[in-house]
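[1] Sequence plus predicted model, see below.
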Amino acid sequence: MARTNDKSLKEAIEQMLQVYKLRRKFDETGLVLAWPDIMGKSVANRTKDIFIRERKLFVRIESAVIKNEMVLMRSNIIDRMNERMGRKVIEEIIFL
């Protein structure tokens with residue numbers, strides 16, 4: 001029988017992430033790891049570097065053609081990534 005102050009494991013982890021201010025870093029790491037799923041293998045295979053700093057996604061793509069296409073799709077990529085996390089994690093993409 002559950003007591004009223006019992007929390008689910010998910011709720012406890014969410015609370016811990018908030019208390020220790022780890023939520024943003026956790027979300028950022030999740031997005032970097034999800035890059036191949038979000039963008040597909042052809043883009044992921046040509047991604048040389050990817051990281052997030054202060055809500056900005058930095059991406060280095062080795063193909064100029066793919067990079068140019070991604071510049072045009074910038075807002076769509078931001079939307080897809082934020083949708084994946086269920087919250088606004090990325091505000092801008094910078095192509096290196």
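    Noted; the coordinates are in hand. Residues are numbered from 1 along each chain as shown.

[2] what's downstream of the strand or helix carrying Asp37, the next helix or strand?
    Per DSSP states H and E, Asp37 falls inside helix 23-39. Per DSSP H and E, the first helix or strand lying C-terminal to helix 23-39 is helix 41-45.

[3] which ones are touching the residue positioned nearest the centre of the chain?
    Taking C-alpha atoms, centre = their mean, the centroid of the chain lies closest to Leu31, which sits 2.5 Å from it. Leu31 makes contact with Ile38, Ile52, Leu57, Met81, Arg84, Met85, Val89, Ile90, according to C-beta atoms under 8 Å, 6 or more residues apart in numbering. Yep, even glycine has a C-beta here, placed from its N, CA and C like the rest.

[4] what about the helices in this structure?
    Per DSSP state H, the chain carries helices over the ranges 9-19, 23-39, 41-45, 64-72, 74-85.

[5] Return the distance of the longest one from the chain's centre.
    Using C-alpha atoms, centre = their mean, to the nearest Å, the mean C-alpha position of helix 23-39 is found 3 Å from that of the whole chain.

[6] May I ask which helix or strand of the protein has the lowest mean pLDDT?
    Scoring the helices and strands of the chain by mean pLDDT, DSSP states H and E places helix 9-19 at the bottom, with a mean of 81.

[7] which residues sit against that helix?
    Residues contacting helix 9-19 (C-beta under 8 Å, 6+ apart): Lys7, Leu22, Arg23, Phe26.

[8] pLDDT wise, what is the second one at?
    The reference is to Leu22. On pLDDT, Leu22 comes in at 80.

[9] Disregarding residues adjacent in the polypeptide, which is nearest to it?
    Met16 (7.5 Å; C-beta to C-beta, 6 or more residues apart in numbering).

[10] I'd like to know how many residues surround the one you found.
    11 (other C-beta atoms under 10 Å).

[11] Could I get the average pLDDT for stretch 72-82?
    pLDDT averaged over stretch 72-82 gives 96.

[12] got the buried residues for it?
    For stretch 72-82, burial by neighbour count (16 or more other C-beta atoms under 10 Å) applies to Ile77, Ile78, Met81, Asn82.

[13] I appreciate the help and will end here.
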